[in-house]
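**Q** take a look and give me a structure for this.
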Amino acid sequence: MAGTTLRLAAALGLCASVLGLAACDLKLGRDSDDTAHAPSGSAGGASAQIKTPEQVLASNECQAPAPGRAPLRRMSNAEYRNTVTDLLGDSPATQALVATATRSFPSETESLGFRNNADYLGVSTLAAQGYVDAAEQFLDSIATNAAFLSCTPTPGAELDCARTFIENFGKRAFRRPLSADETTQYAAIFQKSLAAYDFDSALRATAFAFLQSPKFLYRVEFGAAPSGSTVRPSPYEMANRLSYLFWQSMPDQSLFDAAENNQLESPAQIEQQARRMLKSPKATRLLEFFDQWLGTDTLPTTFTRDATLYPDLNPNLVPLFQQETRAFVTSVLARPEGNLSDLFTAPYTFANAELAQHYGLSGATGSEFVKLAAP
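**A** Next comes the predicted model:
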């Protein structure tokens, strides 16, 4: 029971962030002044203790939030795949390349059903070798990408062109601008390789070094200037928090631009970006959280029924259950009025004709998942 409670708490934390409560500690009890706002006739029952998201945002907790710790976070396997896909430029060819390069990655350690707990995402010898092998397969795509290398090297001045690559690729790989020391470090790697090989080989060696760096594999936060007992994330760190929350991947150019121009400071600016990101096709990656929380990602191996005992049971239920969950969550997140109450207590679901028949519901005709009342 304790495990279930903790897993639910994790889900509430994520849902609160998604639905606009990221800046606050979500507390479902009453503040000291709640009694004055209780409905007439209320004697402090359960209904008086429940807060709407709007009440939480207006409460004292949101005026002085407790942000919690910011641990060193290694990218999960899904985050690594998404990040490399977006780094190289999302396309069917890139997706196929990334899938092939990462298929031997060892599975992460699960904690309460989730595979992205920072405390459990270490780097084993097997995982480290996987990063080496995968990086080698990405080098050709990186070295020939005009977004990273927009110049032609001149004999004797190859480093000038390489610096363009280091700054362009480095900013995207580290998800922030490089420091002067980092630029010098990677320029030295390039020069050492150039002395032994040619420009293209030196460029690939430099790119390989970036992909092996903890600053690529981990999400590192140092924060901006301290304010009392807390430290605000820097603009680029906030951009990363948003992108890995909603997209499980690196920031896009709009987030980079917002960070560059200090436009991720106020709640309104952050909300604007969050709403934009939820409209992106990449927001479907957020559904992996719900797959892990509800266990629908493990249904293919855990949902088994003896056909002899259940001869009339539809053998295609597993993918239908998975699509149902994703369609329902997507509908809640996509609506401006979507809230936690809908997520946990909505009297409806989404089903196609095949799943509706299994549930004994009416109103679905065909393969498309549609909203159905589920009393």
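
**Q** the residue lying closest to T109 once chain neighbours are set aside and T83: what is the separation?
**A** In space, not counting the residues next to it along the chain, T109 is nearest to Y120; the distance is 4.2 Å by CB to CB, 6 or more residues apart in numbering. The C-beta positions use only the backbone N, C-alpha and C, and glycine is treated the same way. Distance from Y120 to T83, counting by CB to CB, to the nearest Å: 19 Å.

**Q** more crowded one of these two?
**A** T83 (24 against 13; other CB atoms under 10 Å).

**Q** surely that one and S76 touch.
**A** No. Assessed by CB atoms under 8 Å, T83 is found out of contact with S76, at 10.1 Å.

**Q** that older thread, the residue nearest to T109 is in contact with E108, isn't it?
**A** Yes. Contact criterion CB under 8 Å: Y120 and E108 qualify, at 7.0 Å.

**Q** point out where the stretch 51-200 of the chain drops to low pLDDT.
**A** Counting by pLDDT under 70, the stretch 51-200 of the chain contains low-confidence ranges at 53, 65.

**Q** which stretches in it count as helices?
**A** 53-57, 60-63, 77-88, 92-102, 125-143, 158-174, 180-196, 199-212 (DSSP state H, counting those that start in this stretch).

**Q** over to the stretch 251-375 of the chain?
**A** Ranges of helices in the stretch 251-375 of the chain, per DSSP H, counting those that start in this stretch, are 253-260, 267-278, 287-294, 299-302, 317-334, 340-345, 353-359.

**Q** make JSON lines from those helices and add mean pLDDT and mean neighbour count to it.
**A** Compiled in JSON lines, the helices of the stretch 251-375 of the chain are given as follows (pLDDT from 0 to 100; neighbours: other CB atoms under 10 Å):
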{"stretch": "helix 253-260", "mean pLDDT": "98", "mean neighbour count": "17"}
{"stretch": "helix 267-278", "mean pLDDT": "94", "mean neighbour count": "15"}
{"stretch": "helix 287-294", "mean pLDDT": "90", "mean neighbour count": "19"}
{"stretch": "helix 299-302", "mean pLDDT": "89", "mean neighbour count": "12"}
{"stretch": "helix 317-334", "mean pLDDT": "93", "mean neighbour count": "18"}
{"stretch": "helix 340-345", "mean pLDDT": "87", "mean neighbour count": "14"}
{"stretch": "helix 353-359", "mean pLDDT": "95", "mean neighbour count": "17"}
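
**Q** out of the ones you listed, the one nearest N60 is which?
**A** When those are compared by CB to CB, helix 267-278 sits nearest N60, at 15.9 Å.

**Q** now the closest one, how far from the centre of its chain.
**A** In this view, helix 267-278 has its centroid 15 Å away from the chain centroid, taken as CA atoms, centre = their mean, to the nearest Å.

**Q** angle of it against helix 317-334?
**A** With axes from the mean of the first three to the mean of the last three CA atoms, to 10 degrees applied, the angle from helix 267-278 to helix 317-334 works out at 150 degrees.

**Q** for helix 267-278, packing partners?
**A** helix 235-246, helix 253-260 (3 or more CB pairs under 8 Å, 6 or more residues apart in numbering; DSSP states H and E).

**Q** right, so of those helices, which gets closest to S201?
**A** Closest approach to S201 among the helices and strands packed on helix 267-278 (CB to CB): helix 253-260, 29.3 Å.

**Q** can you give me the distance of the residue nearest to the spatial centre of the chain to R81?
**A** By CA atoms, centre = their mean, the mean C-alpha position of the chain lies nearest to Q248, the distance being 2.3 Å. Distance from Q248 to R81, counting by CB to CB: 9 Å.

**Q** before we move on, the earlier item: so what's the residue nearest to the centre of the chain closest to, chain neighbours aside?
**A** Nearest to Q248 is R285, by CB to CB, 6+ apart, at 4.5 Å.

**Q** L88 versus that neighbour, what's the distance?
**A** 16 Å.

**Q** cool, and F199?
**A** Taken as CB to CB, the span from F199 to L88 is 20 Å.

**Q** and for S266?
**A** 33 Å.

**Q** and the two? which has more neighbours close in?
**A** Under the neighbour definition other CB under 10 Å, S266 and L88 were set side by side, and L88 has more, 20 against 9.
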